[in-house]
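Asker: what follows is a predicted protein model with its sequence.
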Amino acid sequence: MCLPATTGSFNRNRKRNGHAMKYGARNKLTARVTSIKSDSIMSLVKFDLIAPAQMASVLTTESLQDLDLKPGDVIQLIVKAIHVLPVKE
């Protein structure tokens, strides 16, 4: 799975129930909502990524050498994260 993302910090204030809600993330993906499934407690929202972008990774030099990465190589990026935070601007 290859996920494009833009690098760069962002921090915005959003209103939620009349209170400002802050969020921040290093990588920001632009996506379109494709489906929503809800019950009384939780909701599952699925997205399609729509914007080309860039991501960065920090890894040990040993790992870099083991992967034998070179500029121009086509690879897969595996994103390991706990949360996906949808934000509507």
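Answerer: Happy to help now that I have it.
Asker: hey, where'd the helices end up in the protein?
Answerer: 61-67 (DSSP state H).
Asker: the strands in it, which residues?
Answerer: 6-16, 19-28, 31-38, 43-49 (DSSP state E).
Asker: mean confidence score for the first one?
Answerer: In this model, strand 6-16 has a mean pLDDT of 45.
Asker: how about Ser43: which residues does it bridge to?
Answerer: Beta-bridge partners for Ser43, by DSSP bridges, are Ser38.
Asker: report how many residues lie close to it.
Answerer: Other residues near Ser43 come to 9 when the count uses other CB atoms under 10 Å. No exception for glycine: its C-beta is placed from N, CA and C like everyone else's.
Asker: residues near the closest residue in space to Ser35 that isn't next to it in sequence, how many?
Answerer: Once flanking residues are discounted, Ser35 sits nearest to Lys46: 4.6 Å by CB to CB, 6 or more residues apart in numbering. With neighbours defined by other CB under 10 Å, the count for Lys46 comes to 11.
Asker: isn't Thr34 right up against Asp48?
Answerer: Yes. The criterion here is CB atoms under 8 Å, and Thr34 meets it with Asp48 at 5.2 Å.
Asker: for the two, list the residues in contact with both.
Answerer: Counting by CB atoms under 8 Å, 6 or more residues apart in numbering, Thr34 and Asp48 have no contacts in common.
Asker: with adjacent residues omitted, what lies nearest to Lys37?
Answerer: Nearest to Lys37 is Leu44, by CB to CB, 6+ apart, at 4.6 Å.
Asker: what of Ala51?
Answerer: Thr30 (3.5 Å).
Asker: span of stretch 45-57 from start to end?
Answerer: Counting by CA to CA, to the nearest Å, you get 27 Å between the two ends of stretch 45-57.
Asker: where does the prediction get shaky in the chain?
Answerer: Filtered on pLDDT under 70, the chain yields the residue ranges 1-27.
Asker: hmm, 50 instead?
Answerer: 1-14 (pLDDT under 50).
Asker: hmm, back to that, mind listing what the residue nearest to Ala51 touches?
Answerer: By CB under 8 Å, 6+ apart, the neighbours of Thr30 are 6, 49-51, 53.
Asker: which of those residues sit farthest apart?
Answerer: Spanning the widest gap among the contacts of Thr30 are Thr6 and Ile50, at 12.5 Å by CB to CB.
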